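Chemist: Pasted the sequence and its predicted model underneath.
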Amino acid sequence: MALKFAGTMNAINRGLDTTKATKGADMIEDWEAALADVDTSGAKGILRDLGSLRKQLERDEPDADRVHALLHRLGMATTKIAEKADSSQEKLKALGEALTEAGEDSPDEEEDTAAAAAPKRARKKV
């Protein structure tokens, strides 16, 4: 999972606006696969929002407001779930904070419940 942290943090540090949408969608698919079997409170919400974000990035013209709202919500949820992690707590917390800063709070944001039910990549067996 260290590569996922590094790749995601590098994209955030360089500026998400400079990251190609297809690269962002690929990173999200990796996170969806990594989180597919996580049974921690909050993980399903993160998966749902990752799916929604992936769908936006796969569009010809993503809705910037929706993307920013999803990033903010993902950041808040990731920071919260970091406290429950057995390992990588600090990396998860840093990722959550970076996502929160990259996003924008939008309390009226709709949830895409169908996205969580259909992650694009299945979890890789090791």
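Modeler: Ah, there it is. Residues are numbered from 1 along each chain as shown.
Chemist: For stretch 32-49, buried residues please.
Modeler: The neighbour-count check on stretch 32-49 (16 or more other Cβ atoms under 10 Å) flags 32-33, 35, 42-43, 45-49 as buried. (C-beta placed from N, C-alpha, C; glycine too.)
Chemist: Tabulate these in TSV, adding columns for pLDDT.
Modeler: Converted to TSV, the buried residues of stretch 32-49 look like this (pLDDT from 0 to 100):
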residue	pLDDT
Glu32	86
Ala33	85
Leu35	82
Gly42	87
Ala43	87
Gly45	92
Ile46	92
Leu47	92
Arg48	93
Asp49	94
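Chemist: So which residue is dead centre in this structure?
Modeler: Leu50 (4.5 Å; Cα atoms, centre = their mean).
Chemist: Okay, now the unreliable bits of the chain?
Modeler: For the chain, the stretches with pLDDT under 70 are 1-3, 107-126.
Chemist: biggest helix in it by residues?
Modeler: Ordering each helix of the chain by length in residues (DSSP state H) puts helix 64-82 first.
Chemist: distance between it and the chain's centre?
Modeler: Centroid separation between helix 64-82 and its chain, computed with Cα atoms, centre = their mean, to the nearest Å, is 7 Å.
Chemist: got it, and stretch 89-105?
Modeler: Distance, stretch centre to chain centre, for stretch 89-105: 10 Å (Cα atoms, centre = their mean).
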